[in-house]
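> fold the following for me, if possible:
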Amino acid sequence: MSAPSSSSQTNGHAKEDPYKNFNFVVEIDGMLAAGYSEVSGLNVELNVERKNFGGENDVEYKFLKPATYSDLILKKGISESDYMWNWYEQTIKGQIHPRNGSIYLHDPNISQRKVWNFFHAYPIKWDGPSLNATENNVATHSITLTYRQLSKG
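This next block holds a predicted model:
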């Protein structure tokens with residue numbers, strides 16, 4: 001029996017199935033940061049300045065301003081390493097060490113399909129695990145990074 005295919009046939013042409021959003025890894029400076037269940041904040045926006053000039057009441061001029069990037073939120077992380085906590089703790093102490101990172105999206109065969117690279121990032125918020133003896137949850141953390149630039153590879 002063969003393994004299921006990640007594509008289907010439509011009118012004789014192979015159609016790729018969409019990549020599932022749960023199959024990803026996060027690296028910081030080339031090192032696997034932690035296993036995270038959710039990543040958000042892959043957002044970039046160009047702001048527009050709008051101007052009207054005297055005598056031209058029927059024209060609005062638009063000028064592009066620099067891009068702005070939302071903060072990157074890595075949620076429900078788990079790791080044996082204290083790498084992310086140590087980085088955050090250094091930042092709290094004023095030892096700001098910006099780092100570059102990547103988020104890799106994989107297909108069902110664990111082959112890399114998409115990558116988003118973020119640059120000059122540093123942590124600005126850390127949420128530790130909620131501990132409750134009456135529950136059976138995994139102790140995870142979340143961390144928020146601010147970054148300077150985002151590219152898609």
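> show me what the helix or strand where residue 105 lies is packed against.
Using DSSP states H and E, residue 105 sits in strand 99-106. With contacts defined as 3 or more CB pairs under 8 Å, 6 or more residues apart in numbering; DSSP states H and E, strand 99-106 has these neighbours: strand 24-28, strand 112-127. Using the backbone N, CA and C atoms, a C-beta is placed for each residue, glycine as well.
> just name the most buried of these.
Ranked by mean neighbour count under mean count of other CB atoms under 10 Å, these are led by strand 24-28, which reaches a mean of 19.
> state the next helix or strand along the chain beyond that one.
Where DSSP H and E defines the elements, the next helix or strand beyond strand 24-28 is strand 31-34.
> buried set for that following strand?
For strand 31-34, the neighbour count (16 or more other CB atoms under 10 Å) marks 33, 34 as buried.
> tell me how far that strand lies from the chain's centre.
Distance, stretch centre to chain centre, for strand 31-34: 13 Å (CA atoms, centre = their mean, to the nearest Å).
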